[in-house]
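Colleague: Turn this into a structure:
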Amino acid sequence: MAQPKILNVLYQSDNNYAMVTGVSIESLCMNNAHLDQINVYLLDDGISKENLARIKGIAEKYGRNLIPVDPTSIRNMLIQLKVEPWRGTYTTYYKLFAASTLDLPTDRVLQIDGDTIINGPLDELIEMVLGDLSAPPHGTAFSPNTSAASTSPERITTSIAESCSSANQTGTPMAALNRLSTT
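Modeller: Okay, the predicted model is just below:
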């Protein structure tokens, strides 16, 4: 018997982006209806009850699991590390730390930005052999040239926090993430 095709997806959103994120989730479900299971983990940074109900309705319409995730512990860690909010919110940073906090039924999770339209099936991502490209322990995914054994969690967390804080000086969070891959 063939292995069930299970796709775990991570989104993060606040109420301002909830409608756009809902459209992305709808496109994900619509174009992957053939998969056995889709688990949508949603880092909920203040989505209104009404908008969260709408997003849950989309998942239910396709028989999919929507798992709201409270990002409070991640936010508190970012505050403790003195990371400055990006345009008044920490939402954009949650994906950096969330994967290690999720209870996943498989060994992978796909992070999708809320403004992404999925226009086809994602089977190849489920079946792809990742080998050394799979996400190493918490936080090291951004340093492909550094082995997890030689990098302490404290160093990784500090590097991420420093890069996130400097994003405000360089203009974008992606500039900060790009620096992480070279440290």
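Colleague: only C-alpha atoms for contact and neighbour calcs from this point on.
Modeller: Will do.
Colleague: for the protein, what spans make up the strands?
Modeller: Using DSSP state E, the strands of the chain run over residues 6-13, 37-44, 65-69, 110-111.
Colleague: neighbours around K56, how many?
Modeller: 19 (other C-alpha atoms under 10 Å).
Colleague: same deal with D44?
Modeller: So D44, with other C-alpha under 10 Å, has 22 neighbours.
Colleague: And G57, by the same measure?
Modeller: Residues near G57, counting by other C-alpha under 10 Å: 16.
Colleague: residues touching the residue lying closest to P4 once chain neighbours are set aside, list them.
Modeller: Of all residues not flanking P4 in the chain, D36 sits nearest, at 5.9 Å (C-alpha to C-alpha, 6 or more residues apart in numbering). Counting by C-alpha atoms under 8 Å, 6 or more residues apart in numbering, D36 makes contact with 4-6.
Colleague: Could you tell me which of those count as buried?
Modeller: Buried by 16 or more other C-alpha atoms under 10 Å: I6, out of the contacts of D36.
Colleague: how much space between M19 and L125?
Modeller: 26 Å (C-alpha to C-alpha, to the nearest Å).
Colleague: again with S100
Modeller: Separation of S100 from L125 (C-alpha to C-alpha) stands at 19 Å.
Colleague: same question, D70
Modeller: D70 is 26 Å from L125, by C-alpha to C-alpha.
Colleague: Over to M30?
Modeller: Remark: distance between M30 and L125 (C-alpha to C-alpha) = 17 Å.
Colleague: So those two - more neighbours on which side?
Modeller: Using other C-alpha under 10 Å, the more surrounded residue of M30 and L125 is M30, with 18 against 13.
Colleague: quick one: the helices in this structure?
Modeller: 18-30, 49-61, 72-80, 95-98, 123-127, 153-170, 173-180 (DSSP state H).
Colleague: what's the average pLDDT for the last one?
Modeller: What that stands for is helix 173-180. For helix 173-180, mean pLDDT rounds to 41.
Colleague: cool, the fifth one as well?
Modeller: Mean pLDDT, taken over the full extent of helix 123-127, equals 87.
Colleague: buried residues in that helix?
Modeller: For helix 123-127, using 16+ other C-alpha under 10 Å, the buried residues are I126.
Colleague: Distance across stretch 111-131, terminal residue to terminal residue?
Modeller: End to end - C-alpha to C-alpha - stretch 111-131 spans 19 Å.
Colleague: Lovely, talk soon.
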